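*Asks:* No letters, just coordinates:
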Ligand SMILES: Nc1ncnc2c1ncn2[C@@H]1O[C@H](COP(=O)(O)OP(=O)(O)OP(=O)(O)O)[C@@H](O)[C@H]1O
């Protein structure tokens with residue numbers, strides 16, 4: 001069962017298409033990573049899926065409700081953390097949350113209970129009566145996350161939840177995201193922090209106006225890079241790049257200081273040939289080790305491949 005399904009979802013601002021024919025499915029209970037460079041259309045997609053702006057064309061079903069037909073129900077069943085959450089600086093953390101809980105139609109006792117629950121869960125209870133204007137960026141971000149959860153949504157859109165947080169605050173937020181998943185909720189996460197996406201996400205979509213690729217992090221690595229080997233040599237690796245690239249089984253090769261990172265089909269068969277070719281070319285080999293590409297490698301490759309031409313909506 002999918003929490004979110006889209007089909008050819010498209011949004012243009014004037015002539016400019018910023019999301020084009022996006023088709024994807026986010027399974028219920030998964031952390032779904034939505035990655036893409038600045039201006040890729042991620043926030044626009046989130047705003048469409050949270051029924052805040054209408055698509056230009058295409059369709060989506062969110063939490064079982066059809067976008068454009070049941071938008072009120074979608075808004076009730078999703079929680080949204082935006083890049084700039086509006087909190088009231090002069091109100092305390094508790095007053096802020098109670099105010100927003102009432103907007104979600106929670107009655108007074110439940111608004112109080114939910115406020116306490118999330119302030120405690122996010123480690124803000126000690127400061128619950130302090131004005132939000134006195135909070136650090138990390139505390140404000142946690143409060144904004146609490147605000148998105150007060151009505152217990154099954155689907156939570158988190159737009160860059162750890163941006164600008166110190167490592168400890170970012171870790172608290174990541175642990176919290178794992179707790180939400182353990183409760184069976186679906187998290188739609190946009191982030192520029194690729195190790196974070198790798199740690200948290202069950203599925204990752206790489207997106208730049210159009211969907212470039214979708215898959216589990218490990219599957220994306222394998223699909224794009226196949227097997228890899230890292231060879232450390234004495235001296236600069238760059239001068240041996242031609243010898244490596246000339247080998248027919250090499251998919252990609254990059255020099256990184258004294259290391260050559262090489263993607264190839266079959267390490268058992270090809271490593272000995274690669275090593276011999278390097279020795280013949282005069283390389284002094286220090287180490288040969290298996291190489292696991294990072295999600296950053298995968299992401300950069302996909303985003304470069306997906307470099308857009310200027311587009312307009314027809
Ligand atoms: N209301 C709007 N009117 C006109 N253009 C808009 C509007 N909202 C977004 N855009 C444009 O749509 C494009 C995608 O913006 P969006 O904020 O969705 O990207 P993003 O992937 O979230 O970027 P970032 O990672 O920088 O937050 C940008 O070129 C932006 O200028």
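*Replies:* It's in. Here the structure is a predicted model, which is why all the values come from computation and not from measurement.
*Asks:* The helix or strand of the chain with the lowest mean pLDDT packs against which elements?
*Replies:* Lowest on mean pLDDT, DSSP states H and E among the helices and strands of the chain sits helix 217-225, with a mean of 76. Helix 217-225 sits against strand 203-208, strand 210-215, helix 295-305, with contacts defined as 3 or more Cβ pairs under 8 Å, 6 or more residues apart in numbering; DSSP states H and E. (C-beta placed from N, C-alpha, C; glycine too.)
*Asks:* So which elements touch the second one?
*Replies:* Right, strand 210-215. Packing contacts for strand 210-215, counted by 3+ Cβ pairs under 8 Å, 6+ apart, involve strand 16-27, strand 203-208, helix 217-225, helix 295-305.
*Asks:* Next, format those as CSV and append mean neighbour count and distance to the ligand.
*Replies:* Formatted as CSV, the helices and strands packed on strand 210-215 follow (neighbours: other Cβ atoms under 10 Å; distance: least, Cβ to the nearest ligand atom, whole Å):
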stretch, mean neighbour count, distance to the ligand
strand 16-27, 19, 4
strand 203-208, 24, 8
helix 217-225, 17, 19
helix 295-305, 18, 12
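*Asks:* still on that earlier bit, using JSON lines, lay out the helices and strands packed on helix 217-225 together with distance to residue 149 and mean pLDDT.
*Replies:* Listed next are the helices and strands packed on helix 217-225 as JSON lines, based on distance: least, Cβ to Cβ, whole Å; pLDDT from 0 to 100:
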{"stretch": "strand 203-208", "distance to residue 149": "22", "mean pLDDT": "94"}
{"stretch": "strand 210-215", "distance to residue 149": "26", "mean pLDDT": "93"}
{"stretch": "helix 295-305", "distance to residue 149": "27", "mean pLDDT": "83"}
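*Asks:* Quick one: closest of these to residue 136.
*Replies:* Counting by Cβ to Cβ, residue 136 lies closest to helix 295-305 out of the helices and strands packed on helix 217-225; the figure is 28.4 Å.
*Asks:* Nice, that's everything, thank you.
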